[in-house]
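Chemist: Predicted model and sequence follow; I will ask about them next.
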Amino acid sequence: MDLEKRPDQQVAQPVAPARPATPVAAAQPEGCLAVAIRIPVRIVVLVLVVPVRLLWDALAVCGTFLYRNALRPAGRAIGAVLTFLCKAVFVWPWVGLWRYVIVPVGKGLAWLGRGLFVVPVMWLYARVLTPIGHGIAWLGRVLLVIPASWLYARVLTPLGRALWVGIGWLGKAVFVWPWVGLWRYVVVPVGVAIAWLVRTLIVVPAVWLYTAVLTPVGRGITTLLRWTLVVPLVALWRWVLAPVGRAIAVVAREIADAFGHAWRIAGHISLVVGRFLGTLLRWIFVEPVRWAYRTVLTPVGHVIRDVLWNPVAAAARSVGRTTRRALASARDTVRQARADVRRMLFGAPREAIPVARREPDTPETRTLGSSTTALMKD
């Protein structure tokens, strides 16, 4: 049976709408100057940078090895010693002084001060000063506060309101109304007249002078300065300085890119050289030592372990077991002898007399036909 559909029998699947393509920024064309100076500059920079990168990687490896195996352990040891010395000199004596001298003395002084000063003062305040203060407050309220309140409400308040009204009217008549009249009928008309004279004699001629004389002269001076200074400077910038600056920028960018490429290539070269030196050192020093360990030291160690160490260890274990058994037998003998001597001197110990229990000792369960307790049995 054909399980696959033919192309003409297959069901048409819905086609998802295509996503709009992301616009890709077009690569900027490079000038002939950049292409011409790129290869020579990169070659020269590579020749100069490779020794520097090799020296840098060698110094970095040596510094890392020295830091991990010498400086960091030495620093940790020095830090631990200095920490111990600082604690022993500056921390522990003061902690002991605080804990065992100052705190007990302070607690004793606090208890003594509380018993001698705080408790008597609190009793004096609660039993003597508080009733006296309440009595003085009641006398002051009766003799001073109530009469003063009545005097303020019945006498001083009406008198003050009348005086305030009179003083307000007198102040307006003396300080407000004359100045209002002076401002309204003298200062304002004089100011209006002066403003009209200033506008007529100064402002209008100044505006005419600015519009008819100064503006054309300023425009002429501006045009002259533009064509004598600005236009030459703009031309110098556009046709001389800008191209020279672009050329210098291209050269500087190519030199910087060359240094970057040379540094990366030098890193790969340094990695290859380091791996070669590591492999050479491994084959010269590590592999012979490993071969000697596997081929010579390991079989010798196995022979020593099987021939010498295991028999000696087994003998030592058997001697230990024998010694432990002998010591246990000696302890049992001494214990029995001590018990015999105690029995001969003081007699045998009395045997414990069994006490009758209240509950029956029979394991049978209780039933309705039997007694419920041992005391109710026949």
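Modeler: Great, that's in hand.

Chemist: Okay, buried residues for the helix of greatest length in the chain please.
Modeler: Counting by DSSP state H, the longest helix found in the chain is helix 242-281. Neighbour-count burial for helix 242-281 flags 250, 254, 255, 258, 259, 262, 263, 265, 266, 267, 269, 270 (criterion: 16 or more other CB atoms under 10 Å). For the C-beta atoms, the positions are set from N, CA and C on the backbone; glycine is no exception.

Chemist: what sits against residue 226?
Modeler: Listed by CB atoms under 8 Å, 6 or more residues apart in numbering, residue 226 has no contact partners.

Chemist: So for it, what pLDDT did the model give?
Modeler: Residue 226 is assigned 90 on the pLDDT scale.

Chemist: and what of residue 373?
Modeler: 50.

Chemist: what do you get for residue 230?
Modeler: Residue 230 is given a pLDDT of 91.

Chemist: That one and residue 311, how far apart?
Modeler: 109 Å (CB to CB, to the nearest Å).

Chemist: So what touches the very next helix or strand once past the longest helix of the chain?
Modeler: On the C-terminal side of helix 242-281, the closest following helix or strand by DSSP states H and E is helix 287-292. By CB under 8 Å, 6+ apart, no surrounding residue is in contact with helix 287-292.

Chemist: Recalculate using a threshold of 10 Å.
Modeler: Here helix 287-292 makes contact (CB atoms under 10 Å, 6 or more residues apart in numbering) with 281, 282, 297, 298.

Chemist: Tell me the one among those residues nearest to residue 339.
Modeler: residue 298 (58.2 Å; CB to CB).

Chemist: mind listing what that closest one touches?
Modeler: Applying CB under 10 Å, 6+ apart, the residues near residue 298 are residue 292.

Chemist: That one: helix or strand, and which one exactly?
Modeler: Using DSSP H and E, residue 298 falls in helix 298-304.

Chemist: How far off centre is the following helix or strand past that helix?
Modeler: Moving toward the C-terminus from helix 298-304, the next helix or strand (DSSP H and E) is helix 310-346. In terms of CA atoms, centre = their mean, to the nearest Å, the centre of helix 310-346 is found 65 Å from the chain centre.

Chemist: picking that back up, chain center to the helix holding residue 298, what's the gap?
Modeler: That offset, for helix 298-304, works out to 56 Å (CA atoms, centre = their mean).

Chemist: Just the CA coordinates for that helix, please, in CSV.
Modeler: Provided in CSV are the C-alpha atoms of helix 298-304 (Å, rounded to 0.1, in the frame of the first residue of the first chain):
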residue,chain,number,x,y,z
THR,A,298,55.8,1.4,41.0
PRO,A,299,57.0,-2.3,40.6
VAL,A,300,59.6,-1.7,43.3
GLY,A,301,56.9,-0.2,45.6
HIS,A,302,54.6,-3.2,44.9
VAL,A,303,57.4,-5.7,45.7
ILE,A,304,58.2,-3.8,48.9
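
Chemist: Check which residues of the least confident helix or strand in the chain by mean pLDDT are buried.
Modeler: Every helix and strand of the chain was ranked by mean pLDDT, DSSP states H and E. The lowest is helix 32-66, at a mean of 79. Across helix 32-66, burial judged by 16+ other CB under 10 Å covers 37, 38, 41, 42, 45, 46, 49, 50, 53, 54, 57.

Chemist: Return the closest of those residues with respect to residue 135.
Modeler: So of those, ranked by how close each gets to residue 135 (CB to CB), first place is residue 57, at 95.8 Å.

Chemist: got a pLDDT number for residue 15?
Modeler: pLDDT at residue 15 comes out at 43.

Chemist: Check residue 187 too.
Modeler: Reported pLDDT for residue 187: 89.

Chemist: Repeat that for the one 4 residues further on.
Modeler: Predicted confidence (pLDDT) at residue 191: the value is 90.

Chemist: Now it: which helix or strand?
Modeler: Going by DSSP H and E, residue 191 is in helix 188-198.

Chemist: Can you give the contact residues for that helix?
Modeler: With CB under 10 Å, 6+ apart, helix 188-198 has contacts from 182, 183, 203, 204.

Chemist: okay, and for the chain, where does confidence drop off?
Modeler: Along the chain, the parts satisfying pLDDT under 70 run over 1-37, 346-378.

Chemist: Recalculate using a threshold of 80.
Modeler: Scanning the chain for pLDDT under 80 picks out the ranges 1-47, 50, 338, 341-378.

Chemist: returning to what we had before: kindly format the C-alpha coordinates of the helix holding residue 191 as PDB.
Modeler: This file holds the C-alpha atoms of helix 188-198, laid out as PDB (Å, rounded to 0.1, in the frame of the first residue of the first chain):
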ATOM      1  CA  VAL A 188       1.200 109.900  38.200                       C
ATOM      2  CA  PRO A 189       0.500 113.100  36.100                       C
ATOM      3  CA  VAL A 190       4.100 114.200  36.300                       C
ATOM      4  CA  GLY A 191       5.300 110.700  35.300                       C
ATOM      5  CA  VAL A 192       3.000 110.600  32.300                       C
ATOM      6  CA  ALA A 193       4.300 113.900  31.100                       C
ATOM      7  CA  ILE A 194       7.900 112.900  31.500                       C
ATOM      8  CA  ALA A 195       7.300 109.600  29.600                       C
ATOM      9  CA  TRP A 196       5.700 111.500  26.700                       C
ATOM     10  CA  LEU A 197       8.600 113.900  26.500                       C
ATOM     11  CA  VAL A 198      11.100 111.000  26.600                       C
END
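
Chemist: Off-centre distance for the helix or strand just after that helix?
Modeler: Downstream of helix 188-198, the first helix or strand assigned by DSSP H and E is helix 204-209. Centroid separation for helix 204-209 versus its chain: 70 Å, with CA atoms, centre = their mean.

Chemist: Name the residues that touch the helix or strand following helix 204-209?
Modeler: Next helix or strand after helix 204-209 toward the C-terminus (DSSP H and E): helix 215-225. Contacts of helix 215-225 with the rest of the structure, by CB under 10 Å, 6+ apart, involve 209, 210, 230, 231.
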